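> how does the following fold in three dimensions:
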Amino acid sequence: MKLIVLACLAAVAVAAPQLQEREVVLLRDDRIANEDGTFSYAVQADNGINTAVEGVVGSAGQINQQGSYTYTLEDGTQAVVTYIANENGFQPQSSILPTPHPLPAHVFELLEIAERQRAAGIVFN
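Numbers count the residues shown, from 1 in each chain. Sure thing, here's the model as predicted:
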């Protein structure tokens, strides 16, 4: 029995995909960090990864960023994600991001009912 289990484990280990490691070369690495908290950087690698970001100090002292990153998908196409990160959170935009299903019509009616109840002071615990 132990021999069968050992043979199965060996078969799984041999059948596992072997990752090919390779050294990634940076084609571009530009970085600017100013004393006032603003910054920018752009990095491009030979494997298709590319990113560019700019940051400024926000109204409440936080760092607001906007930028993009690109990488190669398994099918060889490029995925591009642009984003803004500020006091309203991280807001990415891309065709590769999943989108929610549309809400059924009755949900809007339920939301209106809940809003009327809140306005009337009705609270459920």
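
> please count neighbours and contacts with C-alpha atoms only from this point.
Noted.

> what is the burial count for Q62?
13 (other CA atoms under 10 Å).

> repeat for E54
19.

> which ones are touching it?
E54 makes contact with 38-41, 65-67, according to CA atoms under 8 Å, 6 or more residues apart in numbering.

> CSV for those, including distance to L103?
Below are the contacts of E54 laid out as CSV (distance: CA to CA, whole Å):
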residue, distance to L103
T38, 41
F39, 40
S40, 39
Y41, 40
Q65, 31
Q66, 30
G67, 31
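
> D30: which of those residues is nearest?
For the contacts of E54, the minimum distance to D30 (CA to CA) is 5.4 Å, reached by Y41.

> which of the contacts of E54 fall within strands?
Residues of these located in strands (DSSP state E): 39-41, 65-67.

> beta partners of the residue nearest to the spatial centre of the chain?
Nearest to the mean C-alpha position of the chain, counting by CA atoms, centre = their mean, stands P92 at 7.1 Å. Beta bridges link P92 to Y83, judged by DSSP bridges.

> any chance of the ones in strands among the contacts of E54 in JSON lines, plus neighbour count, distance to R22 and pLDDT?
Below are these laid out as JSON lines (neighbours: other CA atoms under 10 Å; distance: CA to CA, whole Å; pLDDT from 0 to 100):
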{"residue": "F39", "neighbour count": "17", "distance to R22": "31", "pLDDT": "95"}
{"residue": "S40", "neighbour count": "17", "distance to R22": "28", "pLDDT": "96"}
{"residue": "Y41", "neighbour count": "16", "distance to R22": "24", "pLDDT": "96"}
{"residue": "Q65", "neighbour count": "19", "distance to R22": "31", "pLDDT": "96"}
{"residue": "Q66", "neighbour count": "18", "distance to R22": "31", "pLDDT": "97"}
{"residue": "G67", "neighbour count": "18", "distance to R22": "27", "pLDDT": "96"}
